[in-house]
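**Student:** build me a model from this:
(chains A, B and C)
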Amino acid sequence: MLRPSAFEYHKPETLDQALALLAEFGDEGRPLAGGQSLVPMMNLRLARPQHLVDINDLGLEAIERDGPILRIGALVRHERYLTDPLIGALMPVFQEGVHYIGHPTIRRHGSIGGSLAHADPTAELPLLAVLYDAQIVVRSVNGERRVAAAAFFHGAYMTAIDPGEMIVAVEFPIPQTAAAGAFIEVGERRGDFALAAVAVQLAIDGGRIGTASVACSGAAQHAIRLPELERALIGKPLGEPAPENEIARIAGALKPPGDHAASADYRRALLKTLLTRATATACARAREIS
Amino acid sequence: MSQKMDRPKHVGARIQRFEDTRFLSGTARYIDDIRPPNVLHLSFVRAQVAHGKILDIDTSGLEFLDFPVQFFTGADIGDLSIKAHQDFPEMQYSEQPLLARERVRFVGEPVVAVLADDSYQAEDAAEMVFVDYEPLPAVATMAQARDPEVPGLFDGWKTNVFIERQMKGGDIAKARAEAAHVFTRTYSTQRQAGVPMEGRGVVAEYNPSDRMLTVWSSTQIPHLLRTYLSEELGWPESRLRVIAPDVGGGFGVKGQVFVEEVLVPWLALKTGRPVKWIEDRREHLTASIHARDHQHTLEAYVSADGRLLGLKADISVDVGAYSTFPFTAAGDPGMAAKVMPGPYDFQHYEATFRALASNKCPIGTYRGVGRPSAVFAQERLMDDIAKELGLDPIEFRLKNIIREFPYKNALGFTYDPGSYAETLEKIQELVAQDRAAALASRGDPNKRIGVGLACFVEQTAHGTPDFTRRRVPIETGYIAARVEMTPDGQAIVEVGLQNHGQGHETVFAQVAADALGIAPQHVHVRHGDTLTTPYSVGTWGSRGGALGGGAVHMAAGKLADKLKAIAGHLLQADAKTIVLKDGLAHPEGEPGRHVAVAKLARAALRNVGELPQGMEPGLEAQVSLDGPADGTYANAVHAAVVEIDIHSGKLELKRFVVAEDCGTILNPLVVDGQVRGGVVQGIGSALFEHFIYDEDCQPLTTTFADYLMPLAPEIPDIELHHFETPTPLTPLGAKGLGEGGAIGPAAAIANAVADALQVEVQSTPLNANAVWRLSAHARGDLHDG
Amino acid sequence: MNVTLTVNGTQRTITVESRRLLADVLRQEFNLSGVHIGCAHGACGCCTVHVDGAPKLSCLTFAGQCDGKSISTVEVLGGVEAEHPLQAAFRSEHGLQCGYCTPGFVMTLAPFVDDRVAEGRMPDDLEIREAMSGNICRCTGYHGIVAAVRKAIGDRLAKGTQA
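**Tutor:** Now for the predicted structure:
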């Protein structure tokens, strides 16, 4: 039948009420956001929360600029990014990545908080959070804490969120200098979770790469950064071709998981290809704006 | 009668489907819409190990539930089972009990039936039952199945081979001796399935007032199910009614009798309440039926001048844990062996084919049945031979294609006329530019283009002798139609088919309307209910249009003869000259001297005093039409154009072109839809769809997140080119149509990939990982391949 | 729990268990047989309905979440004769066969058609195909559905946007 086991549904009107409920229920409670990941798990009875705390109407739907930070409320739906002027102007790579998420109905209802909390190994938003060094703002009755994206994902479907906590926002540092980047993903079909994906963000310093941020999914049980490649890119002239040998060496050392969808060898080779292409595309885009 | 009189008015017209409105408006009634009062909902406890002895079934948890629940296990159901035996001494006997007894043989096999008043509660209750197994080693591979050291899955089995037989014609040794070239290759096609968007479901209700046991099932074969139920439950068939309501896709999947279909009515009788089971998607993907899973080793004997002299085939199919009814474990391997000679002219053929058992979901029929795998092997081989001999693959085919009809193939099957060479030449012309582009892409550092094609004939609508020869429980293949006219001059057509997308309600109305001289809108086509429709084998094997349409044509023709006799009497004209058209009957050439068809109907049914002396009142006729002994052969050529990113393995299907011939086209709208829909399923077979088991036979693809079917963005427009060679073997000249679309794509796409990458492609699916692996040669980087 | 839903224009308060999926409640409490469940895990689009005007998967939505919301199903789109222009286009372009996925496609695509007509532009094939990428049709190969969307938009653009 694929129907969920019984639970109690709660619809708090304020964030404080929601946090109080989550504190009360601990392990047995789960926040319900867009439901696009949690409800399938519940229907398959792979998740069996005793209490669902509906957080859809708590006003967590703002995208706001706060100095050097772009704060995205936990309940912002994916489709918003495609038309949001702030995202378009400040974080085009983010927007590029969002195009790969699911299909229109999923994008209309799925939320950033839900996607990050679900922590699918190759989902796009976790990869973008890692790329941008986002801070995930997690709150409970005991207060608020910020977890760096790099420390947030502990494995496939595992995060730093403790019982009683929920994501309230995700804070993205706004690139402060001229920047360009690229997001490339390969999945079996359009909208599928990626076999592998790569995101690159380059800060431009004159005609050269200032700082670089390179993240990928498909290389581990969660999105990771490739600091070695980032270091190798710093200072490189934008006109130079992507450092293929360096990329090949770094990709060659990756130990991606192999499963029925893709072998480890294939994922490694795919990452090499995507890293090369994303880097080259990012450089080309950087040249256009510098 | 003149040609002019015979020319159909409605058959061949592109008429929008009458049935569409109820589907578009949400008023259609599918199995889950059957909601008898006081119904019990059934949920299953299914095997979680692939192979094991049942040590204990612990139902004590059910006692703690706060709602009433009933449960049944294998111990309760006696020896009720699915028995699907092919009557050859070589066949090893097996049965699938309705609920597992002592042993489970695949993950998903039903073990305990749990009933509750509410479907959510039934699922809660099923979770409270714990089954303890002693795990046994799983038979997971074809090699294990053939290993005589591996214990049999059933008591008394010597090996895990259901059956192994041979088929031959001509003299294969002669072909080998005369051959200048011998080519041996092995090709395999993966385990997948039809996966209709509506899963299975069964509802049963016993009414003591008229002693009728009514069973609703999402099935393609209501009459066959009725007979099976009668025999297995020992229930008089006259007191059994099977209704297939609107069925949300079948594709062959719903063309078997399943354990659940027997169990649900048994439970209704046992509990005295209606019982309902609606399959969920995980059950469907693990425990309905699977398809394909073939491995073929072919040896081709070719003359010095590039002529096929003979073919030897060794065909293995992993058919899973049980033999399925009514086509048995031998259905797929037997079909592959039978159709392997294909559209090519050679007279020496020998096939060894076997059905291998494993601890996986049973294999059953799915669109094409054996043919997609056979055509994949055969057409991959044609390309591999052409490449090795340095021949153009299309020219090589044209050299070997059958051109003269009727043609008796190596196995003695007679092909009726078709357009084999013409369709091939048409495709040759259509893809010429793509082939040039493919050639030009050979040195490209990133993208390679490839063009591939598949050329095939398809035996369709075959009649009883074909099943007698196979000694399978299906036994026959006829379709019956009853046509009745009501006193208002409208008609009711009742067919023993089940319409689940094929357009029967429109096409048969067109056929009957032409015969009766009335509008198709005035013909009500009914199907899917054994109480009202004449006994037939149901909808499968590409026989709906050819035989169902033929039976309607013949039955309506009989009725028309009676109408003409009445009209002749009333108009005082020779009945032989009467024409029925536009609701009127008149002597040919005298449209002014007419009587309304409705008046004739009224005369036959109400004002019977107006009938000619001695004429029996009433206005209905019934015809059962068996298929031609060897079937009628449809033919097609499919061509695929692919572009491959050799570094990522991403394949884009740029173009897919079909030139096909299904004889007389009854309704072009429906024909186009059937072909295109089949093609896209074939594209799924070629690229994505794969049921994967691990080495312990645990299924890994149990949701739509893992079992990947084509979505719209991956699919190009499917270009169609029709050829129309009417067959003399069916009343309307129509050949079978429903399955053909799905037969060619795996071969065509694999050939396109082989062309793009200049490698031999031996298996499907060609997913990104597989294409990347095959691109190693093109990357010039064999180490990371 | 008590839930007040406005379904196809009629408001009703019902008592349901909190775990009941909107799809089941629409089918069982409101007798809306046009809501079909294809996978019950959000991967096929068969159960798409409109919640406050926007397409939503009713198998991933609890009825309890919809308190106070307005829900439309395929039944209200063009009535029993299926007279909505997109439904008519599905008929003329053979955009359906077995019909099981059809209500989900129609409910997913009707707002897409409206939006493109409002913009006054004909989308290309890939955009149309992308719009239906959350819906699986196993019968048609999508060809007729793409053609139906194109026709529905084209007819209304040709007529002006009053439809």
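**Student:** chain C: strands as residue ranges?
**Tutor:** When assigned using DSSP state E, the strands of chain C occupy the ranges C:2-7, C:10-15, C:48-51, C:54-57, C:70-72.
**Student:** dump those strands to a markdown table, plus distance to B:Pro148, mean pLDDT and mean neighbour count.
**Tutor:** Every residue, glycine included, has its C-beta placed from N, CA and C. As requested, the strands of chain C are arranged in a markdown table below (distance: least, CB to CB, whole Å; pLDDT from 0 to 100; neighbours: other CB atoms under 10 Å in any protein chain shown):
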| stretch | distance to B:Pro148 | mean pLDDT | mean neighbour count |
| --- | --- | --- | --- |
| strand C:2-7 | 63 | 98 | 18 |
| strand C:10-15 | 63 | 98 | 10 |
| strand C:48-51 | 54 | 98 | 25 |
| strand C:54-57 | 51 | 98 | 24 |
| strand C:70-72 | 62 | 98 | 20 |
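**Student:** now those strands as JSON lines including distance to B:Met709?
**Tutor:** Rendered in JSON lines, the data for these read as follows (distance: least, CB to CB, whole Å):
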{"stretch": "strand C:2-7", "distance to B:Met709": "31"}
{"stretch": "strand C:10-15", "distance to B:Met709": "35"}
{"stretch": "strand C:48-51", "distance to B:Met709": "17"}
{"stretch": "strand C:54-57", "distance to B:Met709": "17"}
{"stretch": "strand C:70-72", "distance to B:Met709": "28"}
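**Student:** stretch A:75-92 near chain C at all?
**Tutor:** No - among the residues of stretch A:75-92, none lie within reach of chain C under CB under 8 Å from any CB of the partner chain; the closest is 9.9 Å away.
**Student:** quick one: that stretch to chain centroid distance?
**Tutor:** Stretch A:75-92 has its C-alpha centroid displaced from the chain centroid by 14 Å (CA atoms, centre = their mean, to the nearest Å).
**Student:** chain neighbours aside, what residue packs nearest to residue 280?
**Tutor:** Here I'm looking at chain A. In this structure, A:Ala280 finds its nearest non-sequential neighbour in A:Ala242, 4.5 Å apart by CB to CB, 6 or more residues apart in numbering or on different chains.
**Student:** that answer is for a different chain, and I need it for chain B
**Tutor:** A:Leu2 (4.3 Å).
**Student:** give the contact list for the one you found.
**Tutor:** For A:Leu2, the residues meeting the contact criterion (CB atoms under 8 Å, 6 or more residues apart in numbering or on different chains) are A:Asn43, A:Leu44, B:Asp280, B:Arg281, B:Arg282, C:Cys39, C:Ala40, C:His41.
**Student:** and of those, the nearest to A:Val198?
**Tutor:** Proximity of the contacts of A:Leu2 to A:Val198, judged by CB to CB, is greatest for C:His41, which lies at 28.6 Å.
**Student:** next, count neighbours for the closest one.
**Tutor:** The local packing of C:His41 (other CB atoms under 10 Å in any protein chain shown) involves 23 other residues.
**Student:** ramachandran angles for it?
**Tutor:** As for C:His41, its main-chain torsions (degrees, to the nearest 10) stand at phi -140, psi 30.
**Student:** and it, how far from B:Gly412?
**Tutor:** According to CB to CB, to the nearest Å, C:His41 and B:Gly412 sit 50 Å apart.
**Student:** and C:Tyr142, by the same measure?
**Tutor:** C:Tyr142 sits 41 Å away from B:Gly412 when distances are taken as CB to CB.
**Student:** cool, and B:Gly306?
**Tutor:** B:Gly306 sits 26 Å away from B:Gly412, taking CB to CB as the criterion.
**Student:** which of the two has more neighbours?
**Tutor:** B:Gly306 (17 against 9).
**Student:** contacting residues for that one?
**Tutor:** Contacts for B:Gly306 were tallied using CB under 8 Å, 6+ apart; they are B:Leu389, B:Leu391, B:Phe396, B:Lys399, B:Asn400.
**Student:** which residues of chain C lie near chain A?
**Tutor:** Of all the residues in chain C, those lying near chain A are C:1, C:17-19, C:21, C:24, C:39-43, C:45, C:48, C:54-57, C:59-62, C:64-65, C:67, C:108, C:112, C:130-131, C:133-134, going by CB under 8 Å from any CB.
**Student:** all strands for the stretch 1-150 of chain A, in order.
**Tutor:** Taking DSSP state E, counting those that start in this stretch, the strands of the stretch 1-150 of chain A run over residues A:8-10, A:29-32, A:51-54, A:63-66, A:69-73, A:135-140, A:143-148.
**Student:** tell me which of those sits most buried.
**Tutor:** By mean neighbour count, with neighbours taken as mean count of other CB atoms under 10 Å in any protein chain shown, strand A:29-32 ranks first of the strands of the stretch 1-150 of chain A at a mean of 24.
**Student:** now do the same end-to-end measure for stretch A:16-34.
**Tutor:** Looking at stretch A:16-34, the gap from its leading to its trailing residue is 20 Å under the measure CA to CA, to the nearest Å.
**Student:** so how far is the lengthiest helix in chain A from its chain's centroid?
**Tutor:** Using DSSP state H, we find that the single longest helix of chain A is helix A:264-289. Between the centre of helix A:264-289 and the centre of its host chain there is 18 Å, according to CA atoms, centre = their mean.
**Student:** what residues sit buried inside the worst-scoring helix or strand of chain A on mean pLDDT?
**Tutor:** Ranking every helix and strand in chain A by mean pLDDT, DSSP states H and E puts helix A:85-90 at the bottom, with a mean of 91. When burial is assessed from 16 or more other CB atoms under 10 Å in any protein chain shown, helix A:85-90 yields the following buried residues: A:Ile87, A:Leu90.
**Student:** do stretch B:202-209 as well
**Tutor:** Using 16+ other CB under 10 Å as the burial criterion, the residues of stretch B:202-209 that qualify are B:Val202, B:Val203, B:Ala204, B:Glu205, B:Tyr206.
**Student:** could you list every helix and strand in contact with the strand or helix carrying the third one?
**Tutor:** This means B:Ala204. If you go by DSSP states H and E, B:Ala204 is part of strand B:201-207. Using 3 or more CB pairs under 8 Å, 6 or more residues apart in numbering or on different chains; DSSP states H and E, the elements in contact with strand B:201-207 are strand B:212-217, helix B:259-271, strand B:275-278.
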